[in-house]
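Peer 1: sequence and predicted structure are below.
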2 protein chains.
Amino acid sequence: MSLKIWLKAQQETVDAALDQILPSEDTRPATIHQAMRYSMFAGGKRLRPILCLAAAEACSGEEESALFPACAVEVMHTYSLVHDDLPSMDDDDLRRGRPTSHVVYGEGIAVLTGDALLTEAFTIIAQTPSTESYNARDYVLELSETGGSKKLIGGQVLDLEGEGKELNQEQLVHIHEAKTAALLCSSLRLGGMSANCTAEQLQALTDFGYNLGLAFQVIDDILDVTQTTEQLGKTAGKDESVDKSTYPAILGLEESKAEATRLTTLALDALKPLGEKAARLEQIARHMLEREF
Amino acid sequence: MSLKIWLKAQQETVDAALDQILPSEDTRPATIHQAMRYSMFAGGKRLRPILCLAAAEACSGEEESALFPACAVEVMHTYSLVHDDLPSMDDDDLRRGRPTSHVVYGEGIAVLTGDALLTEAFTIIAQTPSTESYNARDYVLELSETGGSKKLIGGQVLDLEGEGKELNQEQLVHIHEAKTAALLCSSLRLGGMSANCTAEQLQALTDFGYNLGLAFQVIDDILDVTQTTEQLGKTAGKDESVDKSTYPAILGLEESKAEATRLTTLALDALKPLGEKAARLEQIARHMLEREF
């Protein structure tokens, strides 16, 4: 099966699982459940859940088990987008070509929608079946530490505080580690854990995820300056307009592309201990570098 | 030991546990960790954790185990206050006599502080030791369902949507069940679960918590009209000024007091299966009715 067809099939699997697991739109109070679904089904490419499922596959796991962490990481990712888009944060009106949550539902409901999705992520992750080596305690701690004040949220704090300042490359890498690489890494780790992976496999997934996550953010920064709003589905040139430090701004465009390639190579090297079963992970990394996700 | 002295000792125990479990103020990025502690150590009376510890005691549990859910429910409660106080929600500048989080740190950081506390609540609850009957999965699901879109967050949605409308008593009870009673109930249930309670004990704690939670909110509504801003530590008369439906507005002051008494009696009746070990829970309920918490 070609990567493109496989990716589409995985997206559909994740969408169906999310549709089943999230409260229906008419659950009381309807406003919040509609708003949760509005942001969850907004044309996301489902990169994090797909990485989770592929990691489980690489460790010979069952898709049925991996769908819990797959949905949980996507729900957590979506909450972070809803809150990051708020007027008091990045103030974005457009996301994936559609008005953002606070534009449609108002700011108060958008805050609560993010809260509800964040809480739901834990309802979902706690239901991941235990394996010989891992249980709900391990899954929840993996997700809560990644989502917490030292990583995902800490990265957004540094990002907010960095606006209008000139950051050096080290500071920028630190923000990207926290804001992007950590959740990509956990998506892979949770997939592996749901498949009862060995310590060696978990390390391989961690190293792959870390480098892939950094590569992803470099590519994201590049696309922000090279693509139009229409291509991106979000406001293009946004980074520059809010005077945000980015890879192209620090390294220049060509050096940034070389850095993305270097990081992708590191990610691919990390996959070696997983052998042939990691073929999809390898394809995803190469695909991401060629275009974006 | 008198109730007053015991309550003070319990508060100190909870404060010490929270101080130990939360990231220190100088953890990177410092802003968010300072803001988390600013709201966590703001003179709260620790009602929910104290109920949790007293429930564990009523089921012959160990304080050491119960301190995890005790801290988790307080951290969750605090996140909900930080977000409820935001300008886009209840727009409160004052809480427990101090400026609210967004006044001190700005709105963006206040949103992230709530997010970080909510996430931290799950890091803490997942560490509760397993018992014969309960494990991390049970603890996390108890907290995530109570904190989720159908209860705690759903209640805030209904509260926002109810402003400026005349609600009837049934609608008001529904908001209070979701916004207040649910987390009080879970505080007690989690304390019981950490003590490996029986199904009968869990039911008793549930019924006690439900009625106590409703009583608490009736008393809160009464105090909003009868006390000054200084006595409350938050803006007095706030409910009326935003045209919010309250018990005194619907039933009148005397009927509201009678309702608080009726609910407290129901709560006390529910404790009977727990026997003498529930003495502290009984005292707390009576104390709450006499004055407030």
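Peer 2: Nice, I can see it.

Peer 1: tell me what the helix or strand harbouring A:Gln20 is packed against?
Peer 2: Using DSSP states H and E, A:Gln20 maps to helix A:3-21. Taking 3 or more CB pairs under 8 Å, 6 or more residues apart in numbering or on different chains; DSSP states H and E as the contact definition, the neighbouring helices and strands of helix A:3-21 are helix A:47-58, helix A:63-84, helix A:279-290. Bear in mind the C-beta positions are built from the backbone N, C-alpha and C, glycine included.

Peer 1: poorly predicted segments of the stretch 101-250 of chain A, please.
Peer 2: Low-confidence regions of the stretch 101-250 of chain A, defined here as pLDDT under 70, cover residues A:229-243.

Peer 1: and A:Gln127, helix, strand or coil?
Peer 2: Following DSSP: H, G, I helix; E, B strand; the rest coil, the label given to A:Gln127 is coil.

Peer 1: can you name the residues that contact the residue nearest to it when sequence neighbours are not counted?
Peer 2: With CB to CB, 6 or more residues apart in numbering or on different chains as the measure, A:Phe68 is the residue that lies nearest to A:Gln127, at 5.3 Å, once sequence neighbours are left out. Contacts for A:Phe68 (CB atoms under 8 Å, 6 or more residues apart in numbering or on different chains) come out as A:Ile124, A:Ile125, A:Gln127, A:Thr128, A:Pro129, A:Ser194.

Peer 1: could you pull out the strands in the stretch 51-200 of chain A for me?
Peer 2: With DSSP state E, counting those that start in this stretch as the definition, the stretch 51-200 of chain A shows strands at residue ranges A:94-95, A:98-99.

Peer 1: would you turn those into CSV with distance to chain B, mean pLDDT and mean neighbour count?
Peer 2: Formatted as CSV, the entries for the strands of the stretch 51-200 of chain A read as follows, by distance: least, CB to the nearest CB, whole Å; pLDDT from 0 to 100; neighbours: other CB atoms under 10 Å in any protein chain shown:
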stretch, distance to chain B, mean pLDDT, mean neighbour count
strand A:94-95, 17, 92, 19
strand A:98-99, 17, 96, 15
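
Peer 1: centroid-nearest residue for chain A?
Peer 2: A:Arg48 (4.8 Å; CA atoms, centre = their mean).

Peer 1: what about A:Gln203, neighbour count?
Peer 2: One way to gauge burial is a neighbour count; for A:Gln203, by other CB atoms under 10 Å in any protein chain shown, it gives 15.

Peer 1: now for it: which residues touch it?
Peer 2: A:Gln203 makes contact with A:Pro273 under the criterion CB under 8 Å, 6+ apart.

Peer 1: look up how far A:Thr31 lies from it.
Peer 2: Relative to A:Thr31, A:Gln203 is positioned 44 Å away (criterion: CB to CB, to the nearest Å).

Peer 1: how about A:Leu152?
Peer 2: Between A:Leu152 and A:Thr31 the computed distance is 26 Å (CB to CB).

Peer 1: quick one: which of those two has more around it?
Peer 2: Looking at A:Leu152 and A:Thr31 with other CB under 10 Å, you find the greater number of neighbours at A:Leu152, namely 26 against 20.

Peer 1: ok, now how distant is that one from B:Asp15?
Peer 2: 28 Å.

Peer 1: what do you get for A:Pro87?
Peer 2: Relative to B:Asp15, A:Pro87 is positioned 35 Å away (CB to CB).

Peer 1: still on that earlier bit, so which bits of the helix holding A:Gln20 are buried?
Peer 2: Residues of helix A:3-21 classed as buried by neighbour count (16 or more other CB atoms under 10 Å in any protein chain shown): A:Leu7, A:Gln10, A:Gln11, A:Thr13, A:Val14, A:Asp15, A:Ala17, A:Leu18, A:Ile21.

Peer 1: so what's the closest residue to the first one other than its chain neighbours up against?
Peer 2: For A:Leu7, the nearest residue in space outside its immediate sequence neighbours is A:Ile50; the separation is 6.6 Å by CB to CB, 6+ apart. For A:Ile50, the set of contacting residues under the criterion of CB under 8 Å, 6+ apart consists of A:Leu7, A:Gln10, A:Gln11, A:Val14, A:Ala70, A:Ile284.

Peer 1: tell me where the stretch 101-250 of chain A has helices.
Peer 2: Listed from the start of the chain, the stretch 101-250 of chain A has helices (DSSP state H, counting those that start in this stretch) covering A:101-105, A:107-125, A:136-147, A:152-162, A:169-176, A:182-194, A:199-226, A:229-232, A:238-241, A:247-251.

Peer 1: and for A:Arg46, the neighbour number?
Peer 2: Other residues near A:Arg46 number 24, with proximity taken as other CB under 10 Å.

Peer 1: contacts only, for it.
Peer 2: With contacts taken as CB under 8 Å, 6+ apart, A:Arg46 has the following neighbours: A:Gln10, A:Gln11, A:Val14, A:Asp15, A:Glu74.

Peer 1: from B:Arg286, how far off is it?
Peer 2: The spacing between A:Arg46 and B:Arg286, counted by CB to CB, is 54 Å.

Peer 1: returning to that earlier point: make a markdown table out of the contacts of A:Arg46 and add pLDDT.
Peer 2: Listed next are the contacts of A:Arg46 as a markdown table, based on pLDDT from 0 to 100:
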| residue | pLDDT |
| --- | --- |
| A:Gln10 | 97 |
| A:Gln11 | 97 |
| A:Val14 | 98 |
| A:Asp15 | 98 |
| A:Glu74 | 98 |
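
Peer 1: and of those residues, the nearest to chain B?
Peer 2: Set against chain B, the nearest of those by CB to the nearest CB is A:Glu74 (16.3 Å).

Peer 1: show me the contacts for A:His102.
Peer 2: In this structure, A:His102 makes contact with A:Val82, A:Asp85, A:Leu86, A:Pro87, A:Ile109, A:Ala110, judged by CB under 8 Å, 6+ apart.

Peer 1: cool, A:Thr131 as well?
Peer 2: The contact partners of A:Thr131, taken as CB under 8 Å, 6+ apart, are A:Ser65, A:Met193, A:Ser194, A:Ala195, A:Asn196.

Peer 1: I figured the last one was touching A:Pro129, is that so?
Peer 2: No. Checked against CB atoms under 8 Å, the pair A:Asn196 and A:Pro129 is beyond contact range at 10.0 Å.

Peer 1: looking at these two, which has the bigger crowd around it?
Peer 2: Using other CB under 10 Å as the criterion, A:Asn196 and A:Pro129 rank with A:Asn196 on top: 19 against 16.

Peer 1: please name the nearest non-neighbouring residue to the more buried one.
Peer 2: Counting by CB to CB, 6+ apart, the residue nearest A:Asn196 is A:Thr131, at 3.6 Å.

Peer 1: as TSV, the buried residues of helix A:3-21 with distance to B:Gly114 would be great.
Peer 2: As requested, those are arranged in TSV below (distance: CB to CB, whole Å):
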residue	distance to B:Gly114
A:Leu7	35
A:Gln10	33
A:Gln11	31
A:Thr13	33
A:Val14	28
A:Asp15	29
A:Ala17	28
A:Leu18	24
A:Ile21	24
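
Peer 1: out of those residues, which one sits closest to A:Tyr247?
Peer 2: A:Leu7 (25.5 Å; CB to CB).

Peer 1: let me know the pLDDT of that closest one.
Peer 2: You'll see A:Leu7 listed with a pLDDT of 96.

Peer 1: and it, how close does it get to A:Lys45?
Peer 2: 8 Å.

Peer 1: same thing with A:Glu142?
Peer 2: 23 Å.

Peer 1: repeat that for A:Ile284.
Peer 2: The spacing between A:Ile284 and A:Lys45, counted by CB to CB, is 11 Å.

Peer 1: out of these two, which sits in the more crowded spot?
Peer 2: Using other CB under 10 Å, the more surrounded residue of A:Ile284 and A:Lys45 is A:Ile284, with 23 against 13.

Peer 1: wait, what's in contact with that one?
Peer 2: The neighbours of A:Ile284, taking CB under 8 Å, 6+ apart as the test, are A:Leu3, A:Leu7, A:Ile50, A:Leu51, A:Ala54, A:Phe293.

Peer 1: one step back: touching, the residue nearest to the centre of chain A and A:Leu184? I think so.
Peer 2: Yes. Under the contact definition of CB under 8 Å, A:Arg48 touches A:Leu184, with a separation of 6.5 Å.
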